[in-house]
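> what's the 3D shape of this:
(one chain, ligands or ions: 1)
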Amino acid sequence: MDSIDLRSDTVTWPTPEMREAMAKAEVGDDVWGDDPTVKRLEALAAGRMGKEAALFVASGTMGNLIALLTHCQRGEEVIMGKVAHTFKYEVGGASALGGVSFYTVPVQPDGTLDLHDIEHAIRDPSDIHYPITRLVCLENTQGSLGGIPITAGYTQSVRELCDRYGLSLHLDGARIWNAATALGCDVSELTAPVDTVSFCLSKGLCAPVGSLLCGPQAFIERARRVRKMLGGGMRQVGILAAAGIIAIEKMTGRLAEDHANARRLAEGLSRIDGIRLDLDQVQTNMVFFSLAESVPFDARALYETLERNYNIKLDVTGARDFRAVTHYWITEERVDTVVRAIRETLEAAGA
Ligand SMILES: Cc1ncc(COP(=O)(O)O)c(C=O)c1O
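Down below sits the predicted model:
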């Protein structure tokens, strides 16, 4: 990577080992069920998530959309956080394409949804004015609040609530391996309480494309039909699955390095006058920070200076706010370069 690109972990390039595996992948027509590499990837993913089956899909957005369309019928409702990725950034796909309505509740500072809020959002099925509540959706790690990992214990308490009301539980586990790394547990402990989970290969795990939707066999068979309906049936896609196998087998074990680099970045930034950040929020690979009022320019201006003078890219999330995400291509040395560049720029401005 030429630039130091901290906008997201989605900017990661595939590793040389992935490119080699992709070039040599054994393939077949996956719509006909003929691709051996896809089958290997799906079996591997299902096993790691502790589910019966898995479906390889084009993206995290598609994984969540297929999950919602498979769980819910038209006129049914899903409960999720107000800042859930699936609500905010997935184009309202489940309502546009599936007639599913969203009931959103606040996300607490620790990334969880308050159980009372969820319970309050569940509709009375005997009242004909309401849509039917069908599904609760959680996100782990919780991205919009800083990549906060959500514990198995909390997820289990939502499971118990769902069971009391006969609801299903889906997990947007785009970065579930980051959560397992941060919590020091096996990923299957975090997914045990949910019916279905989708996770991404194409973020911190470096694969170029793809996500897996995992769940019970019968659910995944129905999901396979929905994927086809959305145009997501892919042919010799073992070429992509080959990178995904390496992502799961090799890349999940190194995420602690990204977390250590995020902490190094956060600690370095917190020592700069003019930078505001909450170190407690930095638990995985994301660092959220802001410019203090004393800084005589806004986030966009700092972004442009860093890009022009240092070839550093950050994600501007507000007038004075940034997100920086560490990943495979961000070394300790690069973290130090970023801290130095921001310090120099702020000092030059007399902040
Ligand atoms: C929490 C979360 N869920 C889902 C997605 C969607 O993944 P994709 O970009 O592959 O559609 C993202 C993407 O950044 C995400 O952060």
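
> distance between the ends of stretch 26-33?
This stretch, stretch 26-33, spans 13 Å end to end (C-alpha to C-alpha, to the nearest Å).

> for it, which positions count as buried?
For stretch 26-33, the neighbour count (16 or more other C-beta atoms under 10 Å) marks Val27, Gly28, Asp30 as buried. For every residue, glycine as well, the C-beta is placed using N, CA and C.

> got it, and stretch 264-274?
When neighbours are counted by 16+ other C-beta under 10 Å, the buried residues of stretch 264-274 are found to be Arg264, Leu265, Ala266, Gly268, Leu269, Ser270, Ile272, Gly274.

> surely the third one is within a strand?
Read that as Ala266. No. With DSSP: H, G, I helix; E, B strand; the rest coil as the criterion, Ala266 is assigned helix and is not in a strand.

> excluding residues flanking it in the chain, which one is nearest it?
Closest residue in space to Ala266, ignoring its immediate chain neighbours: Val282 at 4.3 Å, by C-beta to C-beta, 6 or more residues apart in numbering.

> what of the second one?
Distances taken as C-beta to C-beta, 6+ apart put Val335 closest to Leu265, at 4.8 Å, once the chain neighbours are dropped.

> can you give me the helices in this structure?
16-24, 36-49, 60-71, 85-88, 93-98, 115-121, 152-165, 176-183, 187-191, 217-229, 238-246, 255-270, 299-310, 332-348 (DSSP state H).

> list the contacts of the residue nearest to Pro106 when sequence neighbours are not counted.
Of all residues not flanking Pro106 in the chain, Lys82 sits nearest, at 5.7 Å (C-beta to C-beta, 6+ apart). When contacts are counted by C-beta atoms under 8 Å, 6 or more residues apart in numbering, Lys82 touches Lys88, Thr104, Val105, Pro106, Val107.

> what's the answer for Ile150, then?
By C-beta under 8 Å, 6+ apart, the contact set of Ile150 is Gly111, Thr112, Leu138, Glu139, Asn140, Thr141, Gln142, Ala179, Leu190.

> need the pLDDT of the residue of the chain found nearest the ligand.
Ranking the residues of the chain by distance to the ligand (C-beta to the nearest ligand atom) places Gly60 first, at 2.4 Å. Here, the pLDDT recorded for Gly60 equals 98.

> Pro149 versus that one, what's the distance?
As defined by C-beta to C-beta, to the nearest Å, Gly60 lies at a distance of 17 Å from Pro149.

> so these two - more neighbours on which side?
Using other C-beta atoms under 10 Å as the criterion, Gly60 and Pro149 rank with Gly60 on top: 27 against 23.

> what sits against the more buried one?
His85, Asp172, Ala174, Ser198, Phe199, Cys200, Ser202, Lys203, Ser211.

> so which of those residues are also by the ligand?
Applying C-beta under 6 Å from any ligand atom to those, one finds that His85, Asp172, Ala174, Cys200, Ser202, Ser211 fall near the ligand.

> these into TSV, with extra columns for neighbour count, distance to Lys313 and pLDDT?
Compiled in TSV, the ones next to the ligand among the contacts of Gly60 are given as follows (neighbours: other C-beta atoms under 10 Å; distance: C-beta to C-beta, whole Å; pLDDT from 0 to 100):
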residue	neighbour count	distance to Lys313	pLDDT
His85	19	21	98
Asp172	30	25	98
Ala174	29	21	98
Cys200	27	20	98
Ser202	23	18	97
Ser211	29	24	98
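
> which member of those is positioned nearest Ser3?
Distance to Ser3 across the ones next to the ligand among the contacts of Gly60 (C-beta to C-beta) is lowest for Ser202, with 18.8 Å.

> returning to that earlier point: of the contacts of Lys82, which is the most crowded?
These, ranked by neighbours (other C-beta under 10 Å): first place Val107, 22 neighbours.

> the residue nearest to Leu265: neighbouring residues, count only.
25.
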